[in-house]
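Novice: okay, here's the prediction I keep looking at, along with the sequence it came from:
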Amino acid sequence: MSERRAQIAVIDDKRSMRAMLETVLSLTYDVRTFADPREALLALEREPADVVVTDFRLPGLDGLEVLARLRRSAPETPVIVMTAYGTVEQAVRAMREGAFDYIAKPFEPEEMALAIGRALEHRRLQRRASALEREVAGSRGRGELVGSSPAMQRVRALIERVGPLDVTVLVTGRTGTGKELVARALHAASPRREAPFVVVHCAAMPRELLESELFGHVRGAFSGAGAARRGLVGEAQGGTLFLDDVNYLDLDLQAKVNRLVQEREVRPVGGDRWRRVDVRIVAAANVDLLEAVRQGRFREDLYYRLQVVEIALPPLSERPEDIPELVRHFADKHGRRLGRPAVSIEPEALGALAQRSWPGNVRELENAVERALILGDGARLDRAAFALGRAAAPASGGEAIELPYALPYAEAMERVQQQAAARYLRRLLERTAGNVSEAARLAGMARQSLHRLLRRAGIDAVDFRRADTGAAADDR
Ligand SMILES: Nc1ncnc2c1ncn2[C@@H]1O[C@H](COP(=O)(O)OP(=O)(O)OP(=O)(O)O)[C@@H](O)[C@H]1O
Ligand SMILES: [Mg+2]
């Protein structure tokens, strides 16, 4: 990862001050200077700086106003205000308005250099804290990769080998096989691990929104676009950008993502300039991308750029030897959370679990363990706790909704709703033989929303396809 020079913006109407600061600071930083505060605000909205140094008294728009506007458009950017000698009142007002620091004129260049150093350090720590927060927020998908099957050993070896490099990686596998977990592991194994890991859910929103979500937009780029936005690529600066469900990008956005992958350049919506970014890219797909290329739905050049290294996660049914280990892992993980540590699992139950087909893969297994912990009440999980007594057919028909009376009301209702939703979705797919587009039409919702619901329920449409309809029945 190349060390980026910090960007400093200086706003002062006096030429001599601009020249002095530029000379001193450009030894260490990239410096932009502005005489006109309005021009500065426009430029900073297009391309934010890491630290802004501004005079207190400026023509047209004074330093306080500049400060207020910057706090609104770029709240993370520290601002240092230069105040006139002997005016304590100016300094107080600047600090009250949210300046990071002030410096009374005249000052020695070293004083300014020190203040900027402090501001940059503050910014670095702040970014680190928000990266950590984000990680904690996403911690359900975090943690170690469990499984000692040869396939998982290969996956771990690949992560160790390519994680530390800046190469682009494509992670493939059915729903719930652990693609996001692998992406996070790649990030954690890289020198970027302290910087943000940013997830882009390519399937989650309409194209127009996705573009500005990804690349940001300039102020007023479209109606409703008030202040400028940096975009997820910008937020991932220095870190890893995870393009989840990359196959959902439409062809037009694929072209823009292609440029991002190739040139590491982005242009915000409504903007006229390309900006360089430093991100490592990891993408995930739950379909055969090469097939999508053949069908003209995915750009070939982008495919080859993403797939410099491919990590393919096999379905859980192809590595049943991982199941006992995973069950124990999830029993520990959720047992601790649910205040039921040290539950043991009956070997017979483990054996039966290993024989199931798990269309929702590891996610479905994890849900099953969590549910068994909640519903069972002994210190030992047996076949009954996993509802293995009944035939383990694809749940449909008239099975009763379970009433988890041991849970608080709200949580219990949420669970009941989840179960009902899963049943509805399975019926829908049975009826349409796994054709998601058709199912979405019947359900009266967008295909992408249905995909999201299916994923949450750990249901894979592929498992509902009948042999004679072929796998190409749906364009998923
Ligand atoms: N090998 C594994 N070890 C431990 N936990 C795992 C493993 N694989 C998956 N999981 C867990 O299973 C759940 C689903 O994994 P993940 O979200 O990474 O799947 P995914 O492939 O991204 O699925 P989707 O395509 O539906 O988004 C997560 O809670 C994850 O922590
Ligand atoms: Mg995922």
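Specialist: In hand now; what should we look at? Numbering: from 1, shown residues only. Ligands and ions are numbered 1, 2, ... in the order given.
Novice: what about the residue of the stretch 51-200 of the chain at minimum distance from ligand 1, how many residues nearby?
Specialist: Of all residues in the stretch 51-200 of the chain, Gly178 sits closest to ligand 1, with a separation of 2.7 Å (Cβ to the nearest ligand atom). The way it works is simple: take the backbone N, C-alpha and C, and place the C-beta from them, glycine included. Gly178 sits with 24 neighbouring residues when counted by other Cβ atoms under 10 Å.
Novice: which ones are touching it?
Specialist: 145, 313, 361-362 (Cβ atoms under 8 Å, 6 or more residues apart in numbering).
Novice: same thing but 7 Å
Specialist: By Cβ atoms under 7 Å, 6 or more residues apart in numbering, the residues touching Gly178 are 145, 313, 362.
Novice: is it correct that the last one falls within a helix?
Specialist: It refers to Val362. Yes - when DSSP: H, G, I helix; E, B strand; the rest coil is applied, Val362 is found to be in a helix.
Novice: picking that back up, top of the contacts of Gly178 by neighbour count?
Specialist: Result: Val362 is most packed of the contacts of Gly178 (other Cβ under 10 Å), 28 neighbours.
Novice: any idea how far it lies from Glu348?
Specialist: 22 Å (Cβ to Cβ, to the nearest Å).
Novice: follow-up on the earlier one: just the pLDDT for the residue of the stretch 51-200 of the chain closest to ligand 1.
Specialist: The score at Gly178 is 96. That number is its pLDDT.
Novice: got it, and Ala221?
Specialist: 72.
Novice: ok, Glu3 next?
Specialist: 60.
Novice: got it, and Asp244?
Specialist: At Asp244, the pLDDT value in this model is 95.
Novice: do the same with Val416
Specialist: Val416 is assigned a pLDDT of 75 by the prediction.
Novice: just confirm it is within a helix.
Specialist: Yes - Val416 sits within a helix when classified using three-state DSSP.
Novice: SS state for the residue sitting furthest away from the middle of the chain?
Specialist: Using Cα atoms, centre = their mean, the residue of the chain lying farthest from its centre is Gly86. It sits 48.5 Å away. Three-state assignment for Gly86 (three-state DSSP): coil.
Novice: for it, what are phi and psi?
Specialist: Backbone torsions for Gly86, taken as degrees, to the nearest 10, come to phi 80, psi 0.
Novice: from Phe34, how far off is it?
Specialist: Separation of Gly86 from Phe34 (Cβ to Cβ): 26 Å.
Novice: again, but for Tyr304
Specialist: Taking Cβ to Cβ, one finds Tyr304 at 43 Å from Phe34.
Novice: what's the answer for Gln417, then?
Specialist: 55 Å.
Novice: so those two - more neighbours on which side?
Specialist: Comparing Gln417 with Phe34 by other Cβ under 10 Å, the one with more neighbours is Phe34, at 22 against 11.
Novice: touching, the more buried one and Ala40? I think so.
Specialist: Yes - checked against Cβ atoms under 7 Å, the pair Phe34 and Ala40 is within contact range at 3.7 Å.
Novice: spit out the residues that contact those two alike.
Specialist: 9, 11.
Novice: what about the residue lying closest to Gly63 once chain neighbours are set aside, how many residues close to it?
Specialist: Counting by Cβ to Cβ, 6 or more residues apart in numbering, Gly63 lies nearest to Phe56, which is 4.1 Å off, once chain neighbours are set aside. Other residues near Phe56 number 23, with proximity taken as other Cβ under 10 Å.
Novice: pretty sure Phe56 contacts Tyr85?
Specialist: No - if you go by Cβ under 7 Å, Phe56 and Tyr85 don't touch, sitting 11.2 Å apart.
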